[in-house]
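Sequence and predicted model, in that order:
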Amino acid sequence: MTPSNPLSDSGPGSAAASSPDPAIARPGEPAYDVVGIGLGPFNLSLAALADGLPGLRTAFFEQAPAFSWHPGLLLEGTTLQVPFLADLVTLVDPTSRWSFLSYLRAHDRLFRFYFYERFHIPRREYDAYCRWVARGLGSTHFGIRVEAVAWDADSELFRVALTHTGSSADDLATGPTRVVSARHLVLGIGTEPAVPPAFSAAGIAPDLAFHSAHYRQRRASLADRRRIAVVGSGQSGAEVFADLLRTQQPGAQRLTWLTRTPSFAPMEYSKLGLEQFTPDYVAYFRGLSPRQRDALVPTQWQLYKAIDADTIAEIYDLLYERTIDTPDPAATLLPGVTVESASQRSERGEITLACRHRGQDRSFELTVDAAVLATGYAPRRPAPLEPLADLLDLDEAGRFRVDGRYRVATRPELTGRLYVQNAELHTHGVGAPDLGLGAWRSAVILDDLTGGRAHRLPPPSAFTTFGVPAGSDPSATSPAETAGLGTSAAGRHPRPRSPQEPGSGRVTPQTAGARRPEAGWRTRRPDPAVLRQAEQR
């Protein structure tokens, strides 16, 4: 490597515009204890809770130039669906300098928030709070893409290839790549917008049918569209439909709202119902068989795919007021409907949706001029991990096997730990994407990294008993044991399992030959060419 650092911090979002990025290791520097890939709220929570922990060297890399949280849905009047206490740190360490209240104090907004008297904060302010934390931490680095990760068996370290993204395609093509080493990794790249096959394979112009993740940036293009469909009835779909209702041009636009669910239902928000977003429920869910988990999650759609009551009420009120002078609100709401295919039949941009009513099992067509797809998000394919493909032990569906400490199961020869955040819905339940469990999950990971010396984790806190009551079944394990959170002798911190224990994130010799699914990773030998070329620069 040349002495000069080709990844100097000169792009947007840089921490020090005139000095080399301190995240890029110099020759001879020690490896990081943990490197985080991606910087959404969950890895940002991990970075904030790791800040100040003695003896823990961390770095987190994100290819975007700055932190941004669902920018397409940062609409006026929208709020978080969880209380402000579900910030990056408070439910684990309310004294942290990175709490939401600390953000308010730093911006002289405490008294205004005090008189605001709301438990649920504006979504735009949550984004501003996270950007404040991201700028303040020394371990977070934006504008740097992780190209590839390989395992070096000789040093027992991960080798992570990094590229400064720059600001143009030329920069991406010619920008130098550097390599850092890490003992452990945390994957926090999150999810990506999911476009149904009916639309992705239809060849419809992207300005006529687009995901709700891009709604705020593209809603101006809908102003001259006469017929607009919103597909999907989760919170995002409801917010898009409400926003279109507010700005609908009387007599000039017609809105249609379609959803597969049997009704436009409110989110489960009872206090006991919300206990399914506790560590206690995570422990219970992990104790179920994979078959039971996969069958249970779809039945819980009102926990994470439904609409908050205030948004439903606003939509009804808007429709009611619309019908004071005319019986037709110029809006059609269609629950229980699946869009089976879509086609663009004319250069004018008309889109024909072939639909089926699920309850009546009848087909019909709907012609619109634009469609907003509030069709949710799916796990990202973690391309940087391709060189590790043969070292991961995936389940029959090609998904990570994730233990109670959020470690991915790997082959025995990979002794470093790979943790995941928001990639474990199938193993940990509906709380995986929920902000309310983010700080707790980060604390679990940090406790595992430090041998129980990071943060005090809460004891069981739900009033609900999930599963068989303790003492009723001599063969049953406690929820803490099911989750892999044994208590230390001091009774304060979970005891991390050794690599030889079940659920440690390792694969025993008996399971090392487990079959690899066709839908999973490509089966090939790790190719470290990218890393070798980078080290020769």
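Alright, I've got the coordinates.

Contact partners for Tyr129?
Residues counted as contacts of Tyr129 (CB atoms under 8 Å, 6 or more residues apart in numbering) are 87, 100, 103. Backbone N, C-alpha and C define where each C-beta goes, glycine included.

could you say which helix or strand contains Gly36?
strand 32-37 (DSSP states H and E).

Over to stretch 425-439 now: how far is its first residue from its last?
17 Å (CA to CA, to the nearest Å).

helices or strands up against the strand holding Gly36?
helix 41-50, strand 58-62, strand 157-164, strand 177-187 (3 or more CB pairs under 8 Å, 6 or more residues apart in numbering; DSSP states H and E).

Distance from the next helix or strand after the last one to the middle of the chain?
Which is strand 177-187. Remark: after strand 177-187, the chain's next helix or strand is strand 191-193, criterion DSSP H and E. From the chain centre to the centre of strand 191-193 is a distance of 8 Å (CA atoms, centre = their mean, to the nearest Å).

outside of strand 191-193, which residues touch it?
So strand 191-193 is contacted by 211-214, 373, 375, 377-380, 422, 433 (CB under 8 Å, 6+ apart).

now, which of those sits nearest Gly273?
Gly273 lies nearest to Pro433 out of the contacts of strand 191-193, by CB to CB, at 17.1 Å.

Would you mind measuring from the residue nearest to Leu73 when sequence neighbours are not counted to Gln81?
Leaving aside its sequence neighbours, Leu73 sits nearest to Ser236 (CB to CB, 6 or more residues apart in numbering; 5.9 Å). Using CB to CB, to the nearest Å, we find Ser236 at a distance of 11 Å from Gln81.

Looking at these two, which one has more neighbours?
Ser236 (27 against 18; other CB atoms under 10 Å).

Can you give me the buried ones in stretch 394-401?
394-395, 399-401 (16 or more other CB atoms under 10 Å).

And for stretch 40-56?
Buried, per 16+ other CB under 10 Å, within stretch 40-56: 40-51, 53, 56.

And for stretch 116-124?
Using 16+ other CB under 10 Å as the test for burial, stretch 116-124 gives 120-124.

Show me how far the helix or strand where Val282 lies is from its chain's centre.
Assessed by DSSP H and E, Val282 sits inside helix 279-286. The chain centre lies 19 Å from the centre of helix 279-286; the measure is CA atoms, centre = their mean.

same question, stretch 185-194
6 Å.

What of stretch 149-165?
With CA atoms, centre = their mean, you get 24 Å for stretch 149-165.

ditto for stretch 123-135
With CA atoms, centre = their mean, you get 16 Å for stretch 123-135.

Phi, psi for the residue most central in space within the chain please.
With distances taken as CA atoms, centre = their mean, Gly190 lies nearest the centre of the chain, 3.5 Å away. Gly190 adopts backbone torsions of phi 70, psi -150, taken as degrees, to the nearest 10.

can you pull the contacts of it?
Applying CB under 8 Å, 6+ apart, the residues near Gly190 are 38, 40, 42, 377, 380, 421-422.

Not counting sequence-adjacent ones, nearest residue to His428?
Per CB to CB, 6+ apart, closest to His428 is Val282, 5.1 Å.

quick one: contacts for that neighbour?
428-429, 431, 437, 483.

cool, Ile228 as well?
222, 244, 253-256, 368-372.

Redo the residues you listed as a markdown table? Include neighbour count.
Putting the contacts of Ile228 into a markdown table (neighbours: other CB atoms under 10 Å) gives the following:
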| residue | neighbour count |
| --- | --- |
| Leu222 | 21 |
| Leu244 | 20 |
| Gln253 | 20 |
| Arg254 | 18 |
| Leu255 | 18 |
| Thr256 | 20 |
| Val368 | 24 |
| Asp369 | 18 |
| Ala370 | 23 |
| Ala371 | 24 |
| Val372 | 26 |
